[in-house]
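Asks: Sequence and computational prediction follow.
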Amino acid sequence: MRILGLTGSIGMGKSTAAAMFRRDGIAVHDADAVVHDLMRRGGAAVPAVAKAFPEAVRDGAVDRRALGALVFGRPEALRRLEAILHPLVRRRMRRFLQQAGRRGDDLVVLDIPLLFETGGERFCDAVAVVSAPRLIQRQRVLARPGMTKEKFAAILAAQMPDREKRRRADWVVPTGLGRRPTRLALRALRRQALARPGRRWRPSLKVA
């Protein structure tokens with residue numbers, strides 16, 4: 001089984017690329033979706049978040065906006081939150097990989113926004129980075145509800161620069177030319193990925 005890491009900076013089209021992989025029948029582990037599930041009412045992360053950030057938990061669920069305000073721009077608080085979330089997310093990733101291995105999948109995708117920043121590439125056989133011109137990225141992000149230029153700048157400052165992600169990637173997928181070129185690039189990438197040996201995954205791999 002080949003494990004492909006999928007990542008990219010904010011507004012670069014990673015969610016669109018992940019959706020295209022799914023439509024082509026490839027199993028995708030969505031780290032953001034896992035975090036949402038962990039912090040919903042009854043989620044596994046809620047008790048620990050409530051202990052560390054009690055003002056961010058309301059009606060048994062984590063208020064992501066309130067939590068963001070508590071950790072954004074505060075490295076120590078962010079590290080505390082990551083210490084809670086990362087082991088839980090990786091446990092779910094391990095379960096995903098085990099299930100895919102039992103199914104006999106030949107390729108799976110780990111959709112992780114901060115893949116390089118968190119060292120997640122060590123679990124992958126190869127990494128694809130989605131990228132678009134800075135102007136297109138800016139237009140996409142600023143069109144989001146509640147987004148401001150200041151918030152966009154702060155998010156970029158917290159992420160690895162796009163040029164460094166492209167340098168580290170095995171493949172760079174351009175997403176600024178429209179959906180059809182992106183889809184064609186992803187399908188070509190899939191063929192190339194399947195031609196590679198899948199060496200890194202084994203059932204005993206520790207991801208916690």
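Replies: Here it is on my side, so go on.

Asks: pLDDT below threshold where in this protein?
Replies: Within the chain, the segments meeting pLDDT under 70 span 197-208.

Asks: The same query, at a cut-off of 50, please.
Replies: Applying pLDDT under 50 to the chain flags residues 201-208.

Asks: mind listing what the residue nearest in space to the middle of it touches?
Replies: Centroid-nearest residue in the chain: Ile112, 1.8 Å away (criterion: C-alpha atoms, centre = their mean). Residues near Ile112 by C-beta atoms under 8 Å, 6 or more residues apart in numbering: Gly5, Leu6, Thr7, His29, Ala31, Thr118, Gly120. Any C-beta I mention is one placed from the backbone N, CA and C, and that applies to glycine too.

Asks: same check, this time on Phe152
Replies: Ile10, Arg138, Val141, Leu142.

Asks: From the residues you listed, keep the buried residues only.
Replies: Ile10, Val141 (16 or more other C-beta atoms under 10 Å).

Asks: Downstream of the longest helix seen in the chain, the next helix or strand is which one?
Replies: When the chain is parsed with DSSP state H, its longest helix is helix 75-103. Where DSSP states H and E defines the elements, the next helix or strand beyond helix 75-103 is strand 107-111.

Asks: Quick one: work out the angle between that next one and helix 75-103.
Replies: Between the axes of strand 107-111 and helix 75-103, defined by axes from the mean of the first three to the mean of the last three C-alpha atoms, to 10 degrees, the angle is 170 degrees.

Asks: how much space between Ala66 and Val49?
Replies: Relative to Val49, Ala66 is positioned 11 Å away (C-beta to C-beta, to the nearest Å).

Asks: Spatially nearest residue to Ala31, not counting backbone neighbours?
Replies: Computed as C-beta to C-beta, 6 or more residues apart in numbering, the closest residue to Ala31 that is not its neighbour in sequence is Ile112, at 4.5 Å.
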